[in-house]
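Asks: I'll drop the sequence and a predicted model, then ask my questions.
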Amino acid sequence: MKLTGAEILCESLTRLGVREIFGYPGGAILPVYDALGKSKLHHVLVRHEQGATHMADGYARASGGVGVAMATSGPGATNMVTGIATAMLDSSPVVCITGQVSSKVLGSDAFQEIDITGITMPITKHNVVVSRAEDIARTIREAFVIASSGRPGPVLVDITKDAQQTSAEFDWEASAPKLPPKRQRTNQDQAEFDRAVELLNSAKRPVILAGHGIMVSDAMRAFEQFVRAGNFPVAMTLLGIGCFPAKDPLNLGMMGMHGEAWVNNAIQEADLLIAVGMRFDDRVTGDLRTYAKTARKIHIEIDRAEINKNVKVDAALVGDAREVLEKLIPQIETRDRSPWIRHIAESKGDSAVVDIQSLPDNGHLYAAHVINDIWKETHGEAIVVTDVGQHQMWEAQYYHHNRPRTLITSGGLGTMGFALPAAIGAKFAKPDAEVWVVVGDGGFQMTMSELATIVQEKINIKIAIINNGFLGMVRQWQEFFYDKRYVATPLVAPDFAALANAFGIRGERITKRAEVVPVIRSARESAETVLIDFRVEQEDSVYPMVAAGASLSDMIRRPNSPLVETATEP
Amino acid sequence: MQTLVAYVENKPGVLNRVASLARRLAINIDSLTVGPTENEEIARMTIVAHTDEKGAHRLEASLEKLVDVRLAENVSSRALLERDLALIKVSADQQNRPHLMELIKVFRARVVDVAPESLIIEVSGAVDKIDGLLEVLRPFGVLEMARSGRISMTRGGDLLRPPIAPPESFEAVTTESK
């Protein structure tokens, strides 16, 4: 069957199970758009190509599959860079398809020509230029394999305009992926495995560090069995949240810079850390010289390059988290850990038993209350997509996730503007799920043009803007470390409710605590998108905090505050 | 200094990916040689990098993550045969020529070009040997020099062969939820 390159692309994407493509047309990708119009693929028109990449990313994270973004050459492609880097740092399988000028003029600085494969080389798992129609099907199939296998990541496929226009024989069977053979480097070292088992069974004060890799490898069941087998307390990374139920008594909560004090203390006092699908990021470890000095370390990780990168480990089990855990489970001897677990529980003190909801209304509206109310009203079942900053940390602290893939957030790159487009992508992946955006007034203003995408696509998500009139996290650093010199952090914003109305979206503004629950309920009852502008306390800070580069043992605690450090199950 | 051997796809852009990776990891490359192998699809690289064992591990593991790299191996601690090739143009007149020829013989180098005022000397061997010859030639006046960079091979039965297994069958990949 002879098809044009553009038709081959659409047919290949359809056969790969793609339903939605997030993109923006332009000259060098026009043949593909013409073919798209004749295909069954649904194209979501974004308002900026950065939004397309975040949507594909949100789609991938919510579904566990591959998200697809599309743009034209030149500025269309360069606008994708931030979204590609975001997906790279959080190991998210995104395939980006860009148009490129015709192969005959490549390298001549033609109109809207840019070397996007050169630009994205360090921020993609792989990228490739396709200049022949007959190579398109195989290249796209390879892109999907690369993006989703091993440690996932973004792949960019740059297709020249002539490759889209010329015709070639389309043969799906003959275009199977043909990737270069690799040496298989799985963990075959029995001695290393035995050492890990020995460490696991002899530990008195173990703590598991649970990361994103557990979700990537779909290892939730194996992980739970592993936890139960060894009675191991579990600390979560930001991206690990959801891989093990928050309500489980063995789940301690989030670790790191804004982790609860008892979590970080447990890590500092542990005699064994079992890191699963995480990479000892600096936001998790603090000062490496003082990090978990008394603990031996086991690292279960698919990416060999992460072993001993930041933290030297005693046993490295390189491989897929699920496979490694399943191999370990039969070797675990059940141990009574009650003294250690009791010790951790005691270190929680009052903060674990006082519910912030029981505190009297002192006239101030705190972000923590807003997020905690969203958690209660949605019964902890919503997919929450956050941006980056204070609200992101409050979400991690006050919304308790029991299911995987329900917290979607930019962890590694910390990309402001991520939340709104990523939530749109998540909604397409899970049309029946309740999707909430939790976003600051700063980050929202970076990609708020995607409100128009919401209206055009008639989708239903709920947007909670945690509006404190500041770039809050930066302001907090200025308060703590720059003597309250608030340079460039006070932020003027439009009237978000009126702005929403201008887009044709219902907008609300909330200033009092008593209004929070009613507005959440009313928003949930609506079948359409609702935007709520929560005017929260302006100079509230996220506690506890480990200053950048400080020891995990040196936490800045909340000073005489009306709020305790966390909320627990009601 | 650490030595890595890599088998990579013999196609455009691969050298850029390897070099870009070293740059991203802030590892300075002392020398990088690349040439074809007996299999025309595969090229072989010897990378000599200014880094420690930890850095070499990171470079090795990160290189192997590149789709176009079939194998990367830090061979620094193994029994290695290392070779560097140098062409050295040295000024030579009637008076010092005999003395020069004597030195060239001692170093088992060869004269490959003779001109009235200069000679080109070809020498191959371990880096130390070339550095040694260079040292003694310097007083004569080294006019120009080109060095190939190091190529390395593990000795004896310690084989480092590229994986050429037929492509494995890939599982069907879809965008559907797990």
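Replies: Sure thing, it's come through.

Asks: Count residues in the vicinity of residue 136, would you?
Replies: All of this refers to chain A. Neighbourhood size, A:I136 [other CB atoms under 10 Å in any protein chain shown]: 29. Where C-beta positions appear, they are placed from N, C-alpha and C, glycine not excepted.

Asks: try again with chain B
Replies: For B:V136, the neighbour count with other CB under 10 Å is 13.

Asks: distance of it from A:Q184?
Replies: According to CB to CB, to the nearest Å, B:V136 and A:Q184 sit 49 Å apart.

Asks: which strands and helices sit next to the helix or strand containing A:I208?
Replies: A:I208 belongs to strand A:206-210 when elements are defined using DSSP states H and E. Where contact means 3 or more CB pairs under 8 Å, 6 or more residues apart in numbering or on different chains; DSSP states H and E, strand A:206-210 is packed against helix A:220-230, strand A:234-236, helix A:261-269, strand A:272-276.

Asks: do that again at 10 Å, thanks
Replies: Under the contact criterion of 3 or more CB pairs under 10 Å, 6 or more residues apart in numbering or on different chains; DSSP states H and E, strand A:206-210 touches helix A:220-230, strand A:234-236, strand A:251-254, helix A:261-269, strand A:272-276, strand A:296-301, helix A:338-348.

Asks: Can you lay out those as JSON lines showing mean neighbour count and distance to chain B?
Replies: Shown next, in JSON lines, are those (neighbours: other CB atoms under 10 Å in any protein chain shown; distance: least, CB to the nearest CB, whole Å):
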{"stretch": "helix A:220-230", "mean neighbour count": "20", "distance to chain B": "10"}
{"stretch": "strand A:234-236", "mean neighbour count": "27", "distance to chain B": "20"}
{"stretch": "strand A:251-254", "mean neighbour count": "24", "distance to chain B": "22"}
{"stretch": "helix A:261-269", "mean neighbour count": "23", "distance to chain B": "23"}
{"stretch": "strand A:272-276", "mean neighbour count": "27", "distance to chain B": "17"}
{"stretch": "strand A:296-301", "mean neighbour count": "26", "distance to chain B": "11"}
{"stretch": "helix A:338-348", "mean neighbour count": "15", "distance to chain B": "32"}
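
Asks: can I get these in TSV with mean pLDDT?
Replies: Supplementary listing: those in TSV, determined by pLDDT from 0 to 100:
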stretch	mean pLDDT
helix A:220-230	97
strand A:234-236	98
strand A:251-254	96
helix A:261-269	95
strand A:272-276	98
strand A:296-301	97
helix A:338-348	92
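
Asks: Make a markdown table out of those and add distance to A:D158.
Replies: Listed next are the helices and strands packed on strand A:206-210 as a markdown table, based on distance: least, CB to CB, whole Å:
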| stretch | distance to A:D158 |
| --- | --- |
| helix A:220-230 | 36 |
| strand A:234-236 | 38 |
| strand A:251-254 | 39 |
| helix A:261-269 | 44 |
| strand A:272-276 | 36 |
| strand A:296-301 | 31 |
| helix A:338-348 | 51 |
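
Asks: for those, which one sits closest to A:G414?
Replies: Evaluated with CB to CB, the helices and strands packed on strand A:206-210 place strand A:251-254 nearest to A:G414, the distance being 15.5 Å.

Asks: can you list contacts of that closest one?
Replies: A:207-208, A:210, A:227, A:233-238, A:240-241, A:243-246, A:259-260, A:262-267, A:284, A:341, A:344-345, A:348, A:352, A:393, A:396-397, A:400-402, A:566, A:568 (CB atoms under 10 Å, 6 or more residues apart in numbering or on different chains).

Asks: again, only using 6 Å
Replies: Residues outside strand A:251-254 that contact it (CB atoms under 6 Å, 6 or more residues apart in numbering or on different chains): A:P233, A:V234, A:A235, A:M236, A:F244, A:E260, A:V263, A:A396.

Asks: Show me the shaky parts of the stretch 301-450 of chain A.
Replies: Across the stretch 301-450 of chain A, the ranges flagged by pLDDT under 70 are A:350-355.

Asks: mind redoing it with 90?
Replies: A:346-364 (pLDDT under 90).

Asks: Residues of it that sit close to chain B?
Replies: Residues of the stretch 301-450 of chain A found near chain B (CB under 6 Å from any CB of the partner chain) are A:R304, A:A305.

Asks: mind listing the strands for the stretch 301-450 of chain A?
Replies: A:315-318, A:383-386, A:407-408, A:435-440 (DSSP state E, counting those that start in this stretch).

Asks: in a strand, that's where A:E508 is, yeah?
Replies: Yes: checked against DSSP: H, G, I helix; E, B strand; the rest coil, A:E508 lies within a strand.

Asks: mind checking pLDDT for it?
Replies: A:E508 carries a pLDDT value of 98.

Asks: Repeat that for A:R183.
Replies: The model's pLDDT for A:R183 equals 83.

Asks: how many neighbours does it have?
Replies: Neighbours around A:R183, by other CB under 10 Å: 15.

Asks: Can you pull the domain assignment for chain A?
Replies: Domain assignment for chain A by automatic domain parsing gives A:2-175, A:190-348, A:354-539.

Asks: quick check, distance from the second one to the centre of its chain.
Replies: Looking back up the chat, that one is domain A:190-348. The chain centroid and the centroid of domain A:190-348 are separated by 20 Å, computed with CA atoms, centre = their mean, to the nearest Å.

Asks: now the first one
Replies: Between the centre of domain A:2-175 and the centre of its chain there are 21 Å (CA atoms, centre = their mean).

Asks: what ranges do the helices span in chain B?
Replies: B:14-24, B:53-65, B:97-106, B:127-137 (DSSP state H).

Asks: and B:A26, what pLDDT?
Replies: 96.

Asks: circling back to that earlier point, residues in contact with the strand holding A:I208: which ones?
Replies: Applying CB under 6 Å, 6+ apart, the contact partners of strand A:206-210 are A:232-236, A:240, A:243-244, A:266-267, A:270, A:272-276, A:278.

Asks: any weak-confidence spans in chain B?
Replies: B:94, B:162-178.

Asks: 50 - rerun?
Replies: B:169-172, B:174, B:176-178 (pLDDT under 50).

Asks: which residues does residue 41 contact?
Replies: If you meant another chain, say so; for now it's chain A. Taking CB under 6 Å, 6+ apart as the test, what A:L41 contacts is A:C10, A:I21.

Asks: not what I meant, chain B
Replies: B:N10.

Asks: burial of A:S522, as a residue count?
Replies: 13.

Asks: A:I556 too?
Replies: So A:I556, with other CB under 10 Å, has 15 neighbours.

Asks: Quickly list what it is bridged to.
Replies: Note on A:I556: beta-bridge partners by DSSP bridges are A:M545.

Asks: That one and chain B: what is the separation?
Replies: The gap separating A:I556 from chain B is 31 Å, by CB to the nearest CB, to the nearest Å.

Asks: what does A:N468 give?
Replies: 36 Å.

Asks: So which residue is smack in the middle of chain B?
Replies: B:R150 (3.2 Å; CA atoms, centre = their mean).

Asks: Outline the domain layout of chain B.
Replies: B:2-78, B:81-152.

Asks: Quickly compare the ones you listed and say which is most buried.
Replies: Counting by mean count of other CB atoms under 10 Å in any protein chain shown, domain B:2-78 has the highest mean neighbour count of the domains of chain B, with a mean of 18.

Asks: okay, how far is it across that domain, tip to tip?
Replies: From its first residue to its last, domain B:2-78 covers 11 Å (CA to CA, to the nearest Å).

Asks: and A:I465, what helix or strand is that in?
Replies: Using DSSP H and E, A:I465 falls within strand A:462-467.

Asks: Partner strands of that strand and their direction?
Replies: By DSSP bridges, strand A:462-467 pairs with strand A:435-440 (parallel), strand A:530-535 (parallel).

Asks: What count of nearby residues applies to A:V155?
Replies: 29.

Asks: Could you check how far the residue nearest the centre of chain A is from A:V46?
Replies: In chain A, the centroid-proximal residue (CA atoms, centre = their mean) is A:T409; its distance is 3.6 Å. Relative to A:V46, A:T409 is positioned 20 Å away (CB to CB).
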